[in-house]
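[1] With the input below, show me the fold.
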Amino acid sequence: MKAIMNRRSIRCYTDQKVNDEQVKTLLEAAMCAPSAGNEQPWHFIVIRDRQLLDRVPEYHPYSSMIKQASLAILICADTRLSKYDVDYWIQDCAAATENLLIAVQDLGLGAVWLGVYPRQERVQGLRRIFNIPDEVVPFALVPVGYPAEHRSGENRYREDRVHLNAW
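    Numbers count the residues shown, from 1 in each chain. Next up is the predicted model:
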């Protein structure tokens, strides 16, 4: 619960590098997310190449912090894996992204969720940068690094948003 309650979006990072073992832990956490029919439609692109990271703001207007991040993880959905006639991959990839963010907090790292899908200019731009096939949808981009800022957790529980048995 501590990692969930203290998780905050971090947009400033130090120069310290996130190591491969930490990245594997983040990916393991992401892949533990629930998915509809256990289809696990996700793929993850781990981006360490500074030239590629620096290109992201060309297509994502709120991604300037990526230029400081040690790496970024792009969560994608392979629509060819869909078992259903509806897009449950959206929920599945959101769950994987949240698991990744909680693991970031637990490891003492910092990250922020950058929405990609459904903004088509972002989807198409990241497809170009990272050579993503048409059947795969870039869903969210998560810059990761050691935090250069501290943001304390806050209680976001709102009793007025809770309904018992009906609206």
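[2] Output the longest strand belonging to this protein.
    Once the chain is assigned using DSSP state E, the strand that runs over the most residues is strand 136-145.
[3] mind listing what residue 115 touches?
    If a contact means C-beta atoms under 8 Å, 6 or more residues apart in numbering, then residue 115 has 122, 140 as its contacts. C-beta here means a position set from N, CA and C on the backbone, and glycine is covered the same way.
[4] what packs against whichever helix in the chain runs longest?
    As far as residue count goes, and with DSSP state H defining each element, the longest helix of the chain is helix 89-106. Counting contacts by 3 or more C-beta pairs under 8 Å, 6 or more residues apart in numbering; DSSP states H and E, helix 89-106 is packed against helix 2-6, helix 20-31, strand 42-47, strand 71-78, strand 110-111, strand 136-145.
[5] got the angle for the third one vs strand 136-145?
    For strand 42-47 against strand 136-145, the angle between stretch directions is 50 degrees (axes from the mean of the first three to the mean of the last three C-alpha atoms, to 10 degrees).
[6] who does whichever helix or strand comes after strand 42-47 touch, helix- and strand-wise?
    Toward the C-terminal end, the helix or strand that comes next after strand 42-47 (DSSP states H and E) is helix 50-55. Helices and strands in packing contact with helix 50-55 are listed as helix 120-130; criterion 3+ C-beta pairs under 8 Å, 6+ apart.
[7] before we move on, back to that, strands paired with the longest strand of the chain, and their directions?
    Taking DSSP bridges as the criterion, strand 136-145 sits next to strand 71-78 (antiparallel), strand 110-111 (antiparallel), strand 114-115 (antiparallel) in its sheet.
[8] Now do that strand against helix 20-31, angle only.
    Comparing the axes of strand 136-145 and helix 20-31 via the same axes, to 10 degrees yields an angle of 130 degrees.
[9] quick one: contacts for residue 81?
    Remark: with contacts taken as C-beta under 8 Å, 6+ apart, residue 81 is in contact with 39-41, 89.
[10] Could you check how far it is from residue 145?
    30 Å (C-beta to C-beta, to the nearest Å).
[11] hmm, back to that, out of the helices and strands packed on helix 89-106, which comes closest to residue 153?
    Comparison of those against residue 153 by C-beta to C-beta identifies helix 2-6 as nearest, at 3.7 Å.
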